[in-house]
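**Q** could you work out the structure for the sequence below:
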Amino acid sequence: MTTDELLDLDPVIPVVVLDDAADAVPLAHALLDGGLHTIEITLRTPAALDAIGRIAAEVPRIAVGAGTISSPEQIEQARAAGARFLVSPGSTPRLLDAMQASELPFLAGCATPSDILALLERGITCAKLFPAEVVGGVAMAQALAGPFPHMRLCPTGGIIPATAPDYLRLPNIACVGGTWLARGPLGEDEALRRVTRLARAASRLRER
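**A** Below is the predicted model:
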């Protein structure tokens, strides 16, 4: 899978923080039931790597990725756990070297035109715009399309279902990252049914 192929899977990549790895597999099934095929597990909790491993082993139909990648060491840990893609909140030469060497699809974080230029100089044409709402939201994403028409962006950070379609209408926006799909405890059936409902709505956002 290439990064472009990853970005074409869904209009929304669910961005999830998991405190309990036991929630990972039921969550992945709930997202699939709603029509989504990707999930980004952020490396913000001790359970994250275990959660990635469980999804990779038990729910291969969903592409599980590791988010909040901030060091080459985390890249190796994510690969070993079974992550199929990587997402970082920003980028440095050392981190970009490691992500490119990993041969996994990845979204390096960018927030400015200079960030994008640095990625393009490496031949990288897909990136995460973060934190999207803070750095200018839809207006910023639209402005970047002019000088960088071939850079495909996945805005993440502060996006909600009401604003996601505004991003997705732009020609340089491949998809968005959404933290609204799975929040709070996920151990109850009703919580998982809610995830499925939200995923089903998210899978149709391009139609709005």
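**Q** okay, whichever helix in the chain runs longest in CSV with CA atoms only?
**A** Counting by DSSP state H, the longest helix found in the chain is helix 189-203. Extracted in CSV, the C-alpha atoms of helix 189-203 (Å, rounded to 0.1, in the frame of the first residue of the first chain):
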residue,chain,number,x,y,z
ASP,A,189,-22.1,-2.4,23.4
GLU,A,190,-23.9,0.9,23.2
ALA,A,191,-20.6,2.8,22.9
LEU,A,192,-19.5,0.5,20.1
ARG,A,193,-22.9,0.9,18.3
ARG,A,194,-22.3,4.7,18.6
VAL,A,195,-18.9,4.3,16.9
THR,A,196,-20.5,2.4,14.1
ARG,A,197,-23.2,5.1,13.6
LEU,A,198,-20.5,7.8,13.6
ALA,A,199,-18.3,5.8,11.2
ARG,A,200,-21.3,5.3,8.8
ALA,A,201,-21.9,9.0,8.8
ALA,A,202,-18.2,9.7,8.3
SER,A,203,-17.9,7.3,5.4
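**Q** any low-confidence regions in this structure?
**A** Scanning the chain with the threshold set as pLDDT under 70 gives 207-208.
**Q** just the helices in it please.
**A** Counting by DSSP H, the segments of the chain that form helices are 3-7, 24-33, 48-58, 72-81, 93-102, 113-120, 137-145, 164-168, 189-203.
**Q** among the ones you listed, which comes closest to Val17?
**A** Val17 lies closest to helix 48-58 among the helices of the chain, at 8.0 Å (Cβ to Cβ). The way it works is simple: take the backbone N, C-alpha and C, and place the C-beta from them, glycine included.
**Q** what helices or strands is that closest one leaning on?
**A** helix 24-33, strand 38-42, strand 63-67, helix 72-81 (3 or more Cβ pairs under 8 Å, 6 or more residues apart in numbering; DSSP states H and E).
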